[in-house]
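>>> sequence and computational prediction follow.
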Protein chains: 2
Amino acid sequence: MTDHRIMIVDDHPVVREGYRRLIDLQPGLQIVAEAEDARSAYARFREAMPDAVVMDVTLPGASGIEAIRHIRQYDDAAKIVVFTMHQGSAFALKAIEAGAAGYVTKSSAPDTLIKAIFGVLKGRTMISPDVIEAIAQDRIAGSGTRLRDLSTRQTEILRLLASGWPVERIAEALSISLKTVRNNHYHIKSVLGLETDAQMVWFAMEAGLVQGPREEDA
Amino acid sequence: MTDHRIMIVDDHPVVREGYRRLIDLQPGLQIVAEAEDARSAYARFREAMPDAVVMDVTLPGASGIEAIRHIRQYDDAAKIVVFTMHQGSAFALKAIEAGAAGYVTKSSAPDTLIKAIFGVLKGRTMISPDVIEAIAQDRIAGSGTRLRDLSTRQTEILRLLASGWPVERIAEALSISLKTVRNNHYHIKSVLGLETDAQMVWFAMEAGLVQGPREEDA
DNA sequence: GCCTGTCGCGGGCAATTTGCCCGATCTTCG
DNA sequence: CGAAGATCGGGCAAATTGCCCGCGACAGGC
């Protein structure tokens, strides 16, 4: 039987080498495509039509979540395993909601990824234990409401605010009024129970929405 | 001639595999030790006494910067190459100040790391081009004045603001009036040329002032 | 088809904060 | 001693926040 054809998406070359080492040398798996950002991930997916995709979600430019949505829109049977350093539950939920079949953190044991790949190839949903725990901890002791309580739009605005964009630029970029952005700014902090803008940045970072400042275009 | 003995420090197993692929298979280099956090990095260094260390600076627990300092304190001839995703100049400067001999970002071409390793083994200081550019841009075109332009007090207030403390709590903690904190908040952003509070958080992070939210007491 | 819920969008307005000015101390240093 | 600079804060107009409201679009459910 022929090998399963895998595509990997990550912006760091060294990390891609790590994937190779783990995946390509694994009997039954073969890497047939690579991409380093969300846009090319979509393009390469259509060219290569891999059996499964392993991707990081923090990519330059568009978020990996968008990439997942985009790919699933093109092929709703696509098997995508998210492999990221973010262990925040909110991000995992977003990814799964977007259509990811697996979610594994980079701090997991290496073979967790391999198991997840084989799992999704069999049509199962594979979530790494630490993430399941994080999700569970979120549900109990509703200490903090989370990203899930924000709408898609609010999440997008949060991402831009946390990146450091001034509200004026956000209004312009999204073609909505300044007032709406401000209202959202207030509501986001309110819903999340945050007092200051700085706390909002930390929240966004922990949720994996942002990992650095700017990111010039939406 | 025997291979150079290299130690790698990174908290993500997959990334370590990437290092292996790049370093271990490189003629003349051999990985002799691995560590996944700052504490064990120090311990392993003493056991293995490698010729060079490649390490990420964002590690669980103590910062990689601390680990560098610690190792250099033990052996001030230690050759340490920092290999990280942070391209902010401030972080690089901290690392170099702590005694790092090289600084390469993960977005660099893979062989940049190899060259940096051979470079530091020869006693040179190797900084990847994008970081040099970031440092240069900091210095020239006073576009961004830097941390050095803030007084001690302002730096302290910046640290608290960026950690997410509300101004009221800061005033209380420092026993100064709310108004003074607000004035400082404004002046800090003004001096640093920042538009939003979120940008201020990123600045503080890159400057190494903060690495996570809260930190309950001053 | 209609009713209900939710979402994105923004107006309105009082209360608060920001942005930028100023002056008063208190050090430090030549 | 006098100059420089840091710290602390008052003042005040302009801008923003906090919180309320309403409107239209859309997705289910009955």
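Arrived safely. This is a predicted model, so every value here is computed, not measured.

>>> near chain B at all, the lengthiest helix in chain A?
With DSSP state H applied, the helix covering the greatest number of residues in chain A is identified as helix A:178-192. No: Helix A:178-192 stays out of contact with chain B when judged by CB under 8 Å from any CB of the partner chain, the minimum separation being 10.4 Å. In this view, the C-beta of every residue, glycine as well, is placed from N, C-alpha and C.

>>> what comes into contact with that helix?
Taking contacts as CB atoms under 8 Å, 6 or more residues apart in numbering or on different chains, the residues outside helix A:178-192 that touch it are A:144-146, A:149-150, A:153-154, A:157-158, A:161, A:167-168, A:170-171, A:174, A:194-195, A:197, A:199-200, A:203.

>>> buried ones only from those, please, as a ChimeraX command.
Buried members of the contacts of helix A:178-192, defined by 16 or more other CB atoms under 10 Å in any protein chain shown, are picked up in ChimeraX with:
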select /A:146,150,154,157,158,161,167,170,171,174,194,197,199,200,203
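
>>> and DNA strand C, which of the contacts of helix A:178-192 contact it?
For DNA strand C, the contacts drawn from those by CB under 7 Å from any atom of the strand are A:153-154, A:174.

>>> can you pull out the helices in chain A?
Secondary structure of chain A by DSSP H: the helices cover A:13-19, A:38-48, A:64-74, A:89-98, A:110-121, A:129-139, A:152-163, A:167-174, A:178-192, A:197-206.

>>> contact partners for A:Asp3?
Residues in contact with A:Asp3 (CB under 8 Å, 6+ apart) are A:28-30.

>>> pull the number of nearby residues for A:Thr196.
Applying the criterion other CB atoms under 10 Å in any protein chain shown, we find 19 residues in the vicinity of A:Thr196.

>>> and the helices of chain A, which one is worst for confidence?
Considering these one by one, the lowest average pLDDT is found for helix A:129-139, at a mean of 67.

>>> with the flanking residues excluded, which residue is spatially nearest to the residue nearest the centre of chain A?
For chain A, A:Val57 is the residue whose C-alpha lies nearest the centre (CA atoms, centre = their mean; 3.4 Å). Closest residue to A:Val57 apart from its sequence neighbours, by CB to CB, 6 or more residues apart in numbering or on different chains: A:Gly64 at 3.1 Å.

>>> my guess is A:Met55 contacts A:Ile71. True?
No: look at A:Met55 against A:Ile71 with CB atoms under 8 Å: they stay out of range, at 9.1 Å.

>>> overlap in contacts of those two?
With CB under 8 Å, 6+ apart as the test, A:Met55 and A:Ile71 both reach A:41, A:80.

>>> let me see the domain layout of chain A.
For chain A, whose domains are defined here by automatic domain parsing, the residue ranges read A:4-139, A:147-206.

>>> tell me which of those domains lies nearest to B:Ala41.
Using CB to CB as the measure, domain A:4-139 is the one of the domains of chain A that comes nearest B:Ala41, at 16.3 Å.

>>> starting at the chain centroid, how far to that closest one?
9 Å (CA atoms, centre = their mean, to the nearest Å).

>>> same question for stretch A:183-194.
Counting by CA atoms, centre = their mean, stretch A:183-194 comes out at 22 Å from the chain centroid.

>>> circling back: which one of the ones next to DNA strand C among the contacts of helix A:178-192 is nearest DNA strand D?
Of all these, A:Arg153 has the smallest distance to DNA strand D: 11.0 Å, by CB to the nearest atom of the strand.

>>> who's in contact with that closest one?
Going by CB under 8 Å, 6+ apart, the list of residues near A:Arg153 reads A:Asn184.

>>> where's it relative to B:Arg169, distance?
Computed with CB to CB, to the nearest Å, the distance linking A:Arg153 and B:Arg169 is 31 Å.

>>> check contacts around A:Thr196.
Applying CB under 8 Å, 6+ apart to A:Thr196 gives the contacts B:161, B:164-166, B:197.

>>> up against chain B, what does chain A have?
Residues of chain A that fall close to chain B, judged by CB under 8 Å from any CB: A:11-22, A:83, A:85, A:106-110, A:113, A:161-166, A:195-202, A:211-213.

>>> same thing but at 7 Å, please
Taking CB under 7 Å from any CB of the partner chain, the part of chain A that reaches chain B is made up of A:11-15, A:17-22, A:85, A:106-107, A:109-110, A:161-164, A:166, A:195-199, A:201-202, A:213.

>>> list only buried entries from the residues you listed.
Taking 16+ other CB under 10 Å as the criterion, what is buried in those is A:11-15, A:17-22, A:85, A:106-107, A:110, A:161-164, A:196-199, A:201-202, A:213.

>>> what residues does chain A have near DNA strand C?
Contact residues (CB under 7 Å from any atom of the strand) of chain A with DNA strand C: A:151-154, A:174, A:176-177, A:179-180, A:183.

>>> dump these into a markdown table; add distance to A:Ser40 as well.
Compiled in a markdown table, these are given as follows (distance: CB to CB, whole Å):
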| residue | distance to A:Ser40 |
| --- | --- |
| A:Ser151 | 29 |
| A:Thr152 | 24 |
| A:Arg153 | 26 |
| A:Gln154 | 28 |
| A:Leu174 | 25 |
| A:Ile176 | 29 |
| A:Ser177 | 34 |
| A:Lys179 | 37 |
| A:Thr180 | 33 |
| A:Asn183 | 36 |
